[in-house]
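S.K.: here is a sequence with its predicted model. Questions after.
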Amino acid sequence: MSYHVNEKGFYGKFGGAYVPEMLYPNVEELRQNYLRIIQEPDFQDELQHLLKDYVGRPTPLYFAPRLSEKYNTKIYLKREDLNHTGAHKINNTIGQVLLAKRLGKKRIIAETGAGQHGVATATVCALMGLECIVYMGEVDIERQAPNVARMKMLGATVVPATSGSKTLKDATNEAIRDWINNPEDTYYIIGSVVGPHPYPDMVARFQAVISEEMRAQLLEKEGTELPNYVIACVGGGSNAAGAFYHYLDEPEVQLVAVEAAGKGIDSGESAATSILGKDGIIHGSRTLLMQTEDGQVTEPYSISAGLDYPGVGPLHAHLFVSKRARFMSATDDEALKAVLELTRLEGIIPALETAHALAVLEKLQAKPNEIVIINLSGRGDKDLSTYLKHFHFDEQ
Amino acid sequence: MNNRIKSLFAQKQKGLLSVYFTAGFPNLDDTETIILELEKNGVDLIEVGMPFSDPLADGPTIQASSTVALLNGMTISKLFEQLKDIRQKTQIPLVLMGYLNPVMQFGVERFCQKAAEVGIDGIILPDLPLREYVEEYKELFEKYNLSKVFLITPQTPEARIREIDSNTNGFIYLVSSASTTGKTVGLAEQSQAYFQRVAAMQLQNPGVIGFGIHDKYTFSAACNHASGAIIGSAFVKALQQEGSLEQNISSFIQSIKN
């Protein structure tokens, strides 16, 4: 079975480009050009240079001794949190902004949930001297204030999305509407492996550097490129797509995607799309989607603003249905517990999104001689106010 | 088989007025009243919007009306229920317009069958791609004698316009400019060049212009370039005025026609 996109833009039955005619020329322009441009030597030179000297790649593959001891297995952390701007998101924004420049676009738009993608987009726009508009749900603007401040500092305009649940889904709707209204000069940098083809494939390719490095680094440390498990959290699924990419065709590597269960899968307040969703269409892509019986998209919930997306990238829907990846979930409480655990055992404060991936270690039951790689997708600076609220350090 | 859209365009090639409204707005059970009042006021064709939670191609007015309609309890099943006796009351061509996901969940074949049963003539699903329609659904739509109406924009290349023209029967929806619905910028000069370019292509299907048509002036300007024009957001806004539904409909339509 193939886990890569086919020539029509599908992963199995998922994917495609379900866009209104107004978007067709924009999406088609990208589809016809992205592979060619990405493969050009001068594009690759510029990308590799920026990833190394600006982003700070390669990121370390860190053996976590105390976490390993606690779970009685060998745990490595892929330190995407050490990237410039604090998460994996910049791997993709660097790639897409270089593509936008080569397509002659002058104005960049983006959607953001937790604000990490917004910051990563605002950052590369500052670097390239391009106008930047970021759509962000009103609710997220409130709960991710530090990232809003960073985007503004970087010169981006942050536009609140005030429709629907006022979170990531609605910010994405607004960004798509902006693109419809500005088809000529505007490039839309999507932050995850979602949206119409070719976005899921393009974003996965830009994030694939994560697993490319993992293989080389693990070989150096363990004499094998292949771990037993690769674990990553999934909202739209870009860090997971990057962590899985070069292992998709290695069946002995178990891929573990961790979704946000929110207050519990059956609580009505959850974002576990693989379990709660069914076949549907959102943001131009056919995928698993949380929706009512009548096909209205429902509002997901998670304490983490980066995981409360009602869909999931079509690659992940395919990995779920084909059983290539194992889907697990972690609740808000389990994620918070994992935050404190990593902080106190390894001295690393993870992002709330990332903590969901850490939270399944106990359920995973890996054996002592097995190797587990967790993609540590982002750092927790942006979540400090949430952490302070929940952990009550003042009272200790 | 007889299709009311084809009959309409056979009889009338100029100045055709088509009006869009969101089913379930302002109140859940206004559907029949709105259709009958529009017909009474001389509208030629009606697009009944099936509300969706995430209407990507729509601006704030239609989005907001969709949200209200959904809160009112509108669903596709409910809409078919409301329309089941409509053909005993009017023969005006009716087109259902909405997004693919709710139709997919209802079941595309079941949807076509129910639509045909209540006397719907055409379907607009802006996010159903042309290729997918041709490969998966065209036969089904034809079986139920439903016109599948496609949109084109100023950016649509000629070859694609021809492909759309050869795969549809009813009319082609000319989106006036690159925009979501409800932008009242008027018709720019470059739009006129695009309308003329499309007119010169001598397509088999008539064209109707939509997006941004909101008053008598923009309506008649659009009618100079195509068989007619579609008014959506401006009508939805008019429904929110004080006064009865009947009064609001009548005064708005008369302001366009007279």
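M.R.: Received it, and whenever you're ready, just let me know what you need.
S.K.: quick check: bridge partners of B:G49?
M.R.: Under DSSP bridges, the beta-bridge partners of B:G49 are B:T22, B:M97.
S.K.: distance of it relative to B:H225?
M.R.: 24 Å (C-beta to C-beta, to the nearest Å). Just so you know, the C-beta spots here come from the backbone N, C-alpha and C atoms, and that holds for glycine as well.
S.K.: please apply the same query to A:S68.
M.R.: 71 Å.
S.K.: so A:T298 makes contact with A:G280?
M.R.: No. Between A:T298 and A:G280 there is no contact under C-beta atoms under 8 Å: 10.6 Å.
S.K.: higher neighbour count, these two?
M.R.: Set side by side, A:T298 and A:G280 show more neighbours around A:G280, with 22 against 16, by other C-beta atoms under 10 Å in any protein chain shown.
S.K.: what's the closest non-adjacent residue to that one?
M.R.: A:L289 (3.5 Å; C-beta to C-beta, 6 or more residues apart in numbering or on different chains).
S.K.: neighbours of that neighbour, just the number please.
M.R.: By other C-beta under 10 Å, the residues close to A:L289 number 25.
S.K.: pLDDT score for it?
M.R.: We have a pLDDT of 98 for A:L289.
S.K.: how near is the residue nearest to B:L151 when sequence neighbours are not counted to A:V5?
M.R.: Leaving aside its sequence neighbours, B:L151 sits nearest to A:E21 (C-beta to C-beta, 6+ apart; 4.2 Å). In this view, A:E21 and A:V5 are 23 Å apart by C-beta to C-beta.
S.K.: in the stretch 151-300 of chain A, what residue comes closest to chain B?
M.R.: Scanning the stretch 151-300 of chain A for the residue nearest chain B gives A:G295, at 3.4 Å (criterion: C-beta to the nearest C-beta).
S.K.: could you look up the next helix or strand downstream of the helix or strand bottoming out on mean pLDDT in chain B?
M.R.: Least confident helix or strand, chain B: helix B:189-200 with a mean of 87, by mean pLDDT, DSSP states H and E. Using DSSP states H and E, the helix or strand that follows helix B:189-200 towards the C-terminus is strand B:207-210.
S.K.: each with direction, which strands does that next one pair with?
M.R.: Counting by DSSP bridges, strand B:207-210 is paired with strand B:172-175 (parallel), strand B:228-231 (parallel).
S.K.: which parts of the stretch 151-258 of chain B sit against chain A?
M.R.: Contact residues (C-beta under 8 Å from any C-beta of the partner chain) of the stretch 151-258 of chain B with chain A: B:L151, B:I152, B:T153, B:Q155, B:T156, B:P157, B:R160, B:V175, B:A178, B:S179, B:T180, B:K183.
S.K.: in TSV: these, plus neighbour count, secondary structure and pLDDT.
M.R.: As requested, those are exported to TSV (neighbours: other C-beta atoms under 10 Å in any protein chain shown; DSSP: H, G, I helix; E, B strand; the rest coil; pLDDT from 0 to 100):
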residue	neighbour count	secondary structure	pLDDT
B:L151	20	strand	96
B:I152	22	strand	96
B:T153	23	coil	93
B:Q155	20	coil	90
B:T156	22	coil	93
B:P157	12	coil	93
B:R160	17	helix	96
B:V175	27	strand	92
B:A178	21	coil	75
B:S179	20	coil	79
B:T180	25	coil	82
B:K183	16	coil	74
